[in-house]
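J.: can you look at this prediction? I've put the sequence above it.
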Amino acid sequence: MKLFLDSANLQDVENALVRGHISGITTNPSLLAKEPKSNFYEHIKKIVALIQADGRSLPLSVEVFATKPDEMIAQAQDIVQKIAYPGLNIKVPIGWDELKVIYALSKLGIKVNCTCIFTEEQCVLAAESGATYVSIFHCRLKDLGGDPVRVIENTRNLLDLRSHKSEIIVGSIRMQSDVLEAHLAGAHIVTASAKVLQQMSSHPGTDKSVQGFLSDFQTWLA
């Protein structure tokens, strides 16, 4: 079971890294748009610097924002060259034309995180085209009346049957229960916001127990 942080916020990244519980970071254009305006490459480099300061070569996913296949390939190469981080993965949305992008990048040795996935078939196509990761949108699929658990389970079985090296990332996580649900369904990785990851560390029973221990000890000291 691996947890990734889904954020482009530098403080979120630093807070997660110092606690040691994350195994990677995912970003997307919407997350970057929430941050103060700055140079795209400089902001990503700041995230990389935080990862490197932690001393682990964690995977970092950065999404292309070009829309035409040839432009996406060129932009991905540009990102890889300018960021120059071995753990970098280029996020590419699933689509017929985008499969060409995934395949071209994989042949160039560029790791791809295929994103915006809602079906098993999309996962298989992305994996066959060379994606390192296939990212399923958990709660957005629920919103459409779909069953993300079934999709995750089926995808894991299909990938295992063909001995694919592609790993399943499950994103679009809104509650801590979604994290457990996705992992139990067979996800290799779940990527979640800083808020959800923090909620996972808390429980009213824990708070009550700790206060009880401290209260008992203070009484004994007195």
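T.: Sure thing, it's come through.
J.: check the offset of the helix ranked longest in the chain from the chain's centre.
T.: Criterion DSSP state H: the longest helix present in the chain is helix 204-221. Mean-position distance between helix 204-221 and its chain equals 37 Å (C-alpha atoms, centre = their mean, to the nearest Å).
J.: quick one: the residue located most distally from the centre of the chain and Leu214, what's the gap?
T.: Here the chain reaches farthest from its C-alpha mean at Ala222, the gap being 49.8 Å by C-alpha atoms, centre = their mean. Using C-beta to C-beta, to the nearest Å, we find Ala222 at a distance of 13 Å from Leu214. (Glycine included, C-beta is placed from N, CA and C.)
J.: with Thr206 instead?
T.: Taken as C-beta to C-beta, the span from Thr206 to Leu214 is 13 Å.
J.: also Val179?
T.: Taking C-beta to C-beta, one finds Val179 at 29 Å from Leu214.
J.: mind listing the strands for the protein?
T.: 2-6, 24-26, 60-63, 88-93, 112-117, 133-137, 167-171, 189-192 (DSSP state E).
J.: need those in JSON lines with distance to Lys34, mean pLDDT and mean neighbour count, can you?
T.: Formatted as JSON lines, those follow (distance: least, C-beta to C-beta, whole Å; pLDDT from 0 to 100; neighbours: other C-beta atoms under 10 Å):
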{"stretch": "strand 2-6", "distance to Lys34": "12", "mean pLDDT": "98", "mean neighbour count": "22"}
{"stretch": "strand 24-26", "distance to Lys34": "14", "mean pLDDT": "98", "mean neighbour count": "25"}
{"stretch": "strand 60-63", "distance to Lys34": "14", "mean pLDDT": "98", "mean neighbour count": "24"}
{"stretch": "strand 88-93", "distance to Lys34": "17", "mean pLDDT": "98", "mean neighbour count": "23"}
{"stretch": "strand 112-117", "distance to Lys34": "17", "mean pLDDT": "98", "mean neighbour count": "26"}
{"stretch": "strand 133-137", "distance to Lys34": "18", "mean pLDDT": "98", "mean neighbour count": "26"}
{"stretch": "strand 167-171", "distance to Lys34": "16", "mean pLDDT": "98", "mean neighbour count": "26"}
{"stretch": "strand 189-192", "distance to Lys34": "16", "mean pLDDT": "98", "mean neighbour count": "26"}
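J.: nearest to Ser202 among the ones you listed would be which one?
T.: strand 189-192 (14.3 Å; C-beta to C-beta).
J.: partner strands of that closest one, parallel or antiparallel?
T.: strand 2-6 (parallel), strand 167-171 (parallel) (DSSP bridges).
J.: surely Lys34 and Asp12 touch.
T.: No. Using C-beta atoms under 8 Å, Lys34 makes no contact with Asp12, being 10.4 Å away.
J.: okay, these two: which has more neighbours?
T.: Asp12 (20 against 9; other C-beta atoms under 10 Å).
J.: can you pull the contacts of that one?
T.: Under the criterion of C-beta atoms under 8 Å, 6 or more residues apart in numbering, the neighbours of Asp12 are Leu5, Ser193, Ala194.
J.: quick one: residues contacting the first one.
T.: Counting by C-beta under 8 Å, 6+ apart, Leu5 makes contact with Asp12, Val13, Ala16, Ile22, Gly24, Ile25, Thr26, Thr191, Ala192, Ser193, Ala194, Leu197.
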